[in-house]
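**Q** Here is a sequence with its predicted model. Questions after.
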Amino acid sequence: MTTPDSAITPQPATTTTAAAAAAPAAGPGRLGSLGPVALVFAGGISVQFGGALAVMLMPRAGALGVVALRLLVAAVVLLLVCRPRLRGHSRTDWGTVVAFGITMAAMNGLFYQAVARIPLGPAVTLEVLGPLALSVLASRRAINVVWAALALAGVFLLGGGGFSSLDPTGAAFALGAGAMWAAYIIFSARTGRRFPQADGLALAMAVGAVLFLPLGIAESGAKLVDPVTLGLGAAVALLSSVLPYTLELLALRRLPASTFAILMSLEPAIAATAGFLLLDQALTTMEAAAIALVIAASMGAVRTQVGRGRGKPAALEDAGLEG
């Protein structure tokens, strides 16, 4: 799901945000952007292979149980690393971080319900439509109608002309996760402006974990404390949250945000690869073409956004979509 520290779209994305507003856009150096690009790819691979591992864990702990474990472990790690201050914040600050945490929990919960029903690649493809729609609506440029049409064509192909090839409930969960991803981008950007470093992310992750833990316990009960389940859940948290967030933070210090967003557009392809290698989820020719269309639409929307230059509307800044 993307990256909580990119504050741009699409990212995922899941990825996800708070750091992009503070991270400088680095110009090309003597070695170019190969180093940070490698970090972004590594983060994307980590996220999607973590998602594949989560699918493998679901028979043991259930979708809600896996989400609860992921959020809990990630929250503990981030709180220990960041050690955020609890005093000195206004009600608005806390309201923002709570909204961020709720959105994060909803995004993860809906996405994991989706991948419990449909393959990982199509699920991420549908999810990325949320950030794509946010980018198109915030930009308000005519060319984005083309990108939206291209994405819709991809969705039409992915659904076999009516989602006959995909579980409708799973597809609906993925689309819901996409809507939460768009909201997540907005709230993560606002959180990044109100909290230093990754403090807001750590606190929001803790909020999400507290809210989701009762759901995980209700579904899985004692299964959550099984040593094997705990170990796999910790691995999912590290692969899907802690490691990619750290890699993306490092990349954003040297990589322009616009380039980062374009790389995030490749998430569906990485997810499809992870699903094929770990879950034996092969794609049909039509599904592969659909994913390619959505990736192209995402890249086009980002490039259009970047081409706007200066003088972006306030709505764009509020959404955290600075290119």
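**A** Now that the structure is in, tell me what you want to look at.
**Q** low pLDDT regions in the stretch 201-323 of the chain?
**A** 249-250, 252-253, 255-266, 298, 301-323 (pLDDT under 70).
**Q** For it, which segments count as helices?
**A** Residue ranges of the helices in the stretch 201-323 of the chain, as given by DSSP state H, counting those that start in this stretch, are 227-237, 243-252, 257-264, 267-279, 285-306, 314-318.
**Q** same question, the stretch 1-150 of the chain
**A** 34-82, 91-115, 120-127, 129-139, 143-158.
**Q** Most tightly packed of these?
**A** helix 120-127 (a mean of 30; mean count of other CB atoms under 10 Å). C-betas here are computed from N, CA, C, even on glycine.
**Q** Output the contacting helices and strands for that one.
**A** Packing partners of helix 120-127 (3 or more CB pairs under 8 Å, 6 or more residues apart in numbering; DSSP states H and E): helix 34-82, helix 91-115, helix 143-158, helix 168-194, helix 267-279, helix 285-306.
**Q** picking that back up, now the helices of the stretch 1-150 of the chain in JSON lines, with mean pLDDT and distance to residue 221?
**A** Shown next, in JSON lines, are the helices of the stretch 1-150 of the chain (pLDDT from 0 to 100; distance: least, CB to CB, whole Å):
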{"stretch": "helix 34-82", "mean pLDDT": "85", "distance to residue 221": "9"}
{"stretch": "helix 91-115", "mean pLDDT": "91", "distance to residue 221": "18"}
{"stretch": "helix 120-127", "mean pLDDT": "81", "distance to residue 221": "26"}
{"stretch": "helix 129-139", "mean pLDDT": "72", "distance to residue 221": "32"}
{"stretch": "helix 143-158", "mean pLDDT": "71", "distance to residue 221": "36"}
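**Q** wait, which of the helices and strands packed on helix 120-127 is closest to residue 237?
**A** Smallest distance to residue 237 across those (CB to CB): 3.6 Å, for helix 34-82.
**Q** How far off centre is the closest one?
**A** Distance of helix 34-82 from its chain centroid, counting by CA atoms, centre = their mean, to the nearest Å, is 11 Å.
**Q** what do you get for stretch 122-135?
**A** Remark: stretch 122-135 is offset 10 Å from the chain centroid, using CA atoms, centre = their mean.
**Q** again, but for stretch 93-108
**A** How far stretch 93-108 lies from its chain's middle: 14 Å, per CA atoms, centre = their mean.
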